[in-house]
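Engineer: Structure, please.
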Amino acid sequence: MSTHRPVHSPLSQFPVINDCVWLGGMPVTQLALRVGQTPFYAYDRQRLTERVASLRSVLPAAIELHYAIKANPMPALVQHMAGLVDGFDVASLGELQIALNAGMAPLAISFAGPGKRSTELAAAIAAGITINLESFNEAETVARLSQQQQRPARVAVRVNPDFELKAAGMKMGGGPKPFGVDAEQVPALLKRISKLALDFQGFHIFSGSQNLRPAAIIEAQNHTFELALRLAADAPAPVCSLNIGGGFGIPYFPGDAPLDLAPIADNLARWLARVKERLPAARVVLELGRYLVGEAGIYVAEIIDRKVSRGYPFLITNGGLHHHLAASGNFGQVIRKNYPVVVGNRVVGTERETVTVVGPLCTPLDILAERMELAKADVGDLIVVFQSGAYGLSASPTAFLSHPPCLEILV
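Structural biologist: So this is what the prediction gives:
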């Protein structure tokens, strides 16, 4: 049975040789033997390096590039990224320790999140990283802890802007939000910071993520720079850091196309000249997670059963939503759509069929591919889910139904 319809976004980052996906210089079948088990995630260090290099070749040289560790906190991957980017952004004490262990300089690490515990804030102050303040209460807590340690905490203000990134996969700003301080309240917070023993660094303005529309990203960046310049008038010290967030998306679904960076880069170049004039000490930071690592990873599960239910074929694997919640459609999707999925050792195959791929969990939500055209497969074949380098294992309910854990490797 063949529908001859596009089943996912075009993919080119991993070669297919002899009808088998290759990653890290070997076929996925050999990689599975090397790992010693399925399921597993595999991340390709060459793809990571190439992505950062290609981004830097387009962006203005003055833009600093930060990796948001929440996208993928695997320690080996973070260590590799430490040699490629200018800084890290973390969202927990656990991520902070990973960042420091990877060798990133504390001055190049910032800490965001609306519910930082006192122990986390104390650790951040002791480490000398920048804390993105998310409320008036947090500013007071940081000031108290800073006084206890007798060292001024480095702080920036995370701003909840009065706009949003249109068509974003997840909206992080605009309207009532738990993230940051409402833009209209920021002048009052800046006034309070000026009376506290804090080392003010600048602003963090993040309006949304996973966007493939250059015009929407440009519009949000325009509003971000305009807002930052207005707020800087009330800053208690020269703005040294202006984190404009990210929002760069990657293609997942039919009709998605890779993000065109050229117009975004041109717009950033125009703004840099204005920022240099108005805020001469400011470093402009672009904070990206998914865009840097998402396309460099795959998730591999093994088919352990094949069955036909009322005339319709199902492939049952030993992996599922407990390892890859996003691919199941239960991580931010309103209407479920298939991630790019292939039979890794039969990418084209000699026969095709429309099939549903499910995991072993006792829930109808455990779906990796729904009514998708794939090569005809059987027990022992490998299902490969592409675009799995970001928000994969660490964003999944790994303890759900107490199934065996999943491994991660960097090749």
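Engineer: would you list every one of the helices in the stretch 301-411 of the chain?
Structural biologist: 325-328 (DSSP state H, counting those that start in this stretch).
Engineer: would you list every one of the strands in it?
Structural biologist: Here the stretch 301-411 of the chain has its strands, by DSSP state E, counting those that start in this stretch, at 312-317, 341-343, 352-358, 367-375, 382-385, 407-410.
Engineer: Tell me which of these lies nearest to Ser209.
Structural biologist: Ser209 lies closest, by C-beta to C-beta, to one member of the strands of the stretch 301-411 of the chain: strand 382-385, at 20.1 Å. Just so you know, the C-beta spots here come from the backbone N, C-alpha and C atoms, and that holds for glycine as well.
Engineer: Strand partners (parallel or antiparallel) of that closest one?
Structural biologist: strand 297-309 (antiparallel), strand 341-343 (antiparallel) (DSSP bridges).
Engineer: circling back: can you tell me which of the strands of the stretch 301-411 of the chain is nearest to Ala32?
Structural biologist: Taking those one by one with C-beta to C-beta, strand 382-385 is closest: 6.3 Å.
Engineer: quick one: average pLDDT of the closest one?
Structural biologist: For strand 382-385, the mean pLDDT works out to 98.
Engineer: Name the residues that touch it?
Structural biologist: Contacts to strand 382-385, defined as C-beta atoms under 8 Å, 6 or more residues apart in numbering, come from residues 21, 28-29, 32, 38, 298-303, 315, 317, 319, 324, 327, 339-345, 357, 368-369, 377.
Engineer: How far off centre is it?
Structural biologist: Between the centre of strand 382-385 and the centre of its host chain there is 21 Å, according to C-alpha atoms, centre = their mean, to the nearest Å.
Engineer: Return the set of buried residues in it.
Structural biologist: Leu382, Ile383, Val384, Val385 (16 or more other C-beta atoms under 10 Å).
Engineer: tell me which residues in stretch 274-283 are buried?
Structural biologist: Within stretch 274-283, the residues that qualify as buried are Val275, Leu279, Ala282, Arg283, counting by 16+ other C-beta under 10 Å.
Engineer: Out of these, which is nearest to Arg51?
Structural biologist: Minimum distance to Arg51 across the buried residues of stretch 274-283 is 21.7 Å, recorded for Arg283 (C-beta to C-beta).
Engineer: partners of that closest one in the sheet?
Structural biologist: Taking DSSP bridges as the rule, Arg283 bridges to Ser241.
Engineer: That one touches Asn243, doesn't it?
Structural biologist: No. The pair Arg283 and Asn243 fails to qualify as a contact (C-beta atoms under 8 Å) at a distance of 9.0 Å.
Engineer: what touches both of these two?
Structural biologist: Counting by C-beta under 8 Å, 6+ apart, Arg283 and Asn243 have no common neighbour.
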